[in-house]
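Novice: Structure for this input, please:
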Amino acid sequence: MTFKTLDDMNLRGKVVLTRVDVNVPVEDGRVTDTTRIDRIVPTIRDLRAAGARTVLLAHFGRPKGKVVPDMSLRQIVPALSEGLGVEVGFADGDYGDAVGRMQDGDVLLFENVRFNPGEEADDEGFARRLASVGDIYCNDAFSAAHRAHATTHALARLLPSCAGRSMEAELTALEAALGTPKPPVAAVVGGAKVSTKLDLLSNLVTRVQHLIIGGGMANTFLAAQGIEVRKSLCEHDLLDTARQIAAKAETAGCAILLPRDVVVAAEFRADPPTRTVKVEDVPEGHMILDAGPDSVAHIRTVLDGCATLVWNGPLGAFEMTPFDAATTAAARHAAALTRSGDLISVAGGGDTVAALRHAGVVDDFTYISTAGGAFLEWMEGKTLPGVAALSQ
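Specialist: Below is the predicted model:
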């Protein structure tokens, strides 16, 4: 995968159209979580230091090509200015006039690009209108790279293009995890349903040496082996699919690791009476809600022998105690291996980030992606239009 970065561009005095993701949560007109703003700080800092004139392109919500006042990006300008450490201008009308008034080092935010129906249609006309006021295109929104929209795809083909710092870090991490990883490679895949991750599982069994399956989807694989999972969440209509994935893994030389023992309860709530049993011994009227200590020990042993780890999804119902134990223990072990330099660890997905934050290891993994759908599609082996456009 080849792409240019900010270091490859002559930026001084140039208008750099920079696609960012600042689709932040807002309550009563105030930004309540600045994580996505924080992610673009390195890019904006380097653009300003190089003397560029930075124009930010972003979406907010789903206005579906219409002007929706409640979805105006104007409301995030104060938080954006504070987070970037510079007064950010705003333009909701004549782009050319607003850009014409910019000085080197200035930062200007255009109104929600999704107010224009051409954005989600990947319309070249809309892209050309934007390109007419810029000199360089920079994409720093990996989280939107799986969408072929005007500001993620068409625009990249009209101007000299490069990746921003956040995009660069994301692509470098993912290349290290699944592109050209250091073997042996392990993948942890958890979550509620196999049906939501069929493409992911099918791709991973051909790319990794160890596939650790947890959460509700592990129950489907256990049931496919003839194990009675009782009241546990299980997609019984996908047992044949689970067997096909297992067969594909065996052919590819990928070992699938399922729970050996599990933590069960008669009801799904926080801190109910629980039992730890072998997977073959789940009692009538009970459900599997977490992997047991023997399973965690097995995971630790596998990770000890690996050089690379990709993680997507929890091993149990981590939102409720005590069913966070397996996820937390495995995550902390992976974090320790990463700190000691023995493991490259890359994780992503909404539940995954929340689980790793719960375990207190967010800062210890090599890289944690907040991209959601784009991260998942990358793991599925799909081509991301926004990334492909940068590679052209």
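Novice: what about V31, distance to A223?
Specialist: According to Cβ to Cβ, to the nearest Å, V31 and A223 sit 45 Å apart. In this view, the C-beta of every residue, glycine as well, is placed from N, C-alpha and C.
Novice: Could I get the contacting residues of the closest residue to K66 other than its chain neighbours?
Specialist: Once flanking residues are discounted, K66 sits nearest to F115: 6.8 Å by Cβ to Cβ, 6 or more residues apart in numbering. Contacts for F115 were tallied using Cβ atoms under 8 Å, 6 or more residues apart in numbering; they are P63, G65, K66, V67, V68, M71.
Novice: Identify the residue nearest the most far-flung residue of the chain relative to its centre in space, chain neighbours excluded?
Specialist: Using Cα atoms, centre = their mean, the residue of the chain lying farthest from its centre is E284. It sits 37.9 Å away. Closest residue in space to E284, ignoring its immediate chain neighbours: R230 at 6.1 Å, by Cβ to Cβ, 6+ apart.
Novice: That neighbour: what's it in contact with?
Specialist: Listed by Cβ under 8 Å, 6+ apart, the contact set of R230 reads V264, V282, P283, E284, G285, H286, M287, I288.
Novice: again, only using 10 Å
Specialist: Going by Cβ atoms under 10 Å, 6 or more residues apart in numbering, R230 touches N219, V264, A266, V282, P283, E284, G285, H286, M287, I288.
Novice: can you give me phi and psi for R39?
Specialist: phi -70, psi -30 (degrees, to the nearest 10).
Novice: these two touch, right, it and E168?
Specialist: No. R39 lies out of contact with E168 (Cβ atoms under 10 Å); the separation is 11.9 Å.
Novice: Need the residues touching each of these two.
Specialist: Each of D140, F142 lies in contact with both R39 and E168 under the rule Cβ under 10 Å, 6+ apart.
Novice: and the residue farthest from the centre of the chain, what helix or strand is that in?
Specialist: E284 belongs to no helix or strand when assigned by DSSP states H and E.
Novice: The residue nearest to D135 when sequence neighbours are not counted: how many residues sit nearby?
Specialist: Once flanking residues are discounted, D135 sits nearest to K14: 4.1 Å by Cβ to Cβ, 6+ apart. Close neighbours of K14, defined as other Cβ atoms under 10 Å, add up to 18.
Novice: which ones are touching K14?
Specialist: K14 neighbours (Cβ under 10 Å, 6+ apart): L47, A50, G51, A52, R53, T54, D104, G134, D135, I136, P160.
Novice: buried set for stretch 283-302?
Specialist: The neighbour-count check on stretch 283-302 (16 or more other Cβ atoms under 10 Å) flags 286-292, 295-296, 298-300, 302 as buried.
Novice: and which of those residues is nearest S340?
Specialist: Distances from S340 to these, taken as Cβ to Cβ, are shortest for R300 (13.7 Å).
Novice: Tell me if the closest one really is in a helix.
Specialist: Yes. Counting by DSSP: H, G, I helix; E, B strand; the rest coil, R300 falls inside a helix.
Novice: I'd like to know how far it sits from D324.
Specialist: 17 Å.
Novice: So, low pLDDT: which residues of the stretch 251-392 of the chain?
Specialist: Applying pLDDT under 70 to the stretch 251-392 of the chain flags the ranges 392.
Novice: all helices in it, in order from the N-terminus.
Specialist: Taking DSSP state H, counting those that start in this stretch as the test, the helices found in the stretch 251-392 of the chain are 293-304, 325-339, 350-359, 373-379, 385-391.
Novice: Can you list the residue ranges for strands in the stretch 51-200 of the chain?
Specialist: 53-57, 88-91, 107-110, 136-139, 161-163, 185-189 (DSSP state E, counting those that start in this stretch).
Novice: quick one: which of those is nearest T2?
Specialist: Closest approach to T2 among these is made by strand 161-163 (10.7 Å; Cβ to Cβ).
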